[in-house]
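>>> sequence unknown, structure follows:
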């Protein structure tokens, strides 16, 4: 991206593109977190269905593994944002369902 206009206009365009890039990273990270959490929930359901016969070596890899991998695959800023949004949504859902006294 080479400046072809006044520096102020060029810098405004750089800022606009930067915001778009950050927004795209955050949207992707939030979707990936939702997928990691859903995978962990399904893994816990499958683990519960197996009962005592399930493989104990894999017990730690289902719930935490997907989320731990997600944390390492995304920028810290995205991890903080997505976790904050997920926590807030969970609290709002608990309040609306009357699960909070």
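Structure's in. What do you need? Since the structure is predicted, the reported quantities are computational estimates derived from the model, not experimental observations.
>>> what's the weakest-modelled helix or strand in the chain?
In the chain, no helix or strand scores lower on mean pLDDT, DSSP states H and E than helix 59-73, which sits at a mean of 70.
>>> following that one, which helix or strand comes up?
Sequence order places helix 76-96 as the next helix or strand after helix 59-73, per DSSP states H and E.
>>> Tell me which other helices or strands that following helix touches.
Secondary-structure packing of helix 76-96 (3 or more C-beta pairs under 8 Å, 6 or more residues apart in numbering; DSSP states H and E): helix 7-50. Glycine gets a C-beta too; all of them are placed from N, C-alpha and C.
>>> tell me what the helix it packs on is packed against?
So helix 7-50, by 3+ C-beta pairs under 8 Å, 6+ apart, packs with helix 59-73, helix 76-96.
>>> Pick the most buried one from those.
Greatest average neighbour count among these goes to helix 59-73 (a mean of 15), per mean count of other C-beta atoms under 10 Å.
>>> Can you tell me the closest non-neighbouring residue to the residue positioned nearest the centre of the chain?
Geometric centre of the chain, nearest residue: residue 33, 2.9 Å, by C-alpha atoms, centre = their mean. Spatial nearest neighbour of residue 33, excluding adjacent residues (C-beta to C-beta, 6 or more residues apart in numbering): residue 82 at 4.6 Å.
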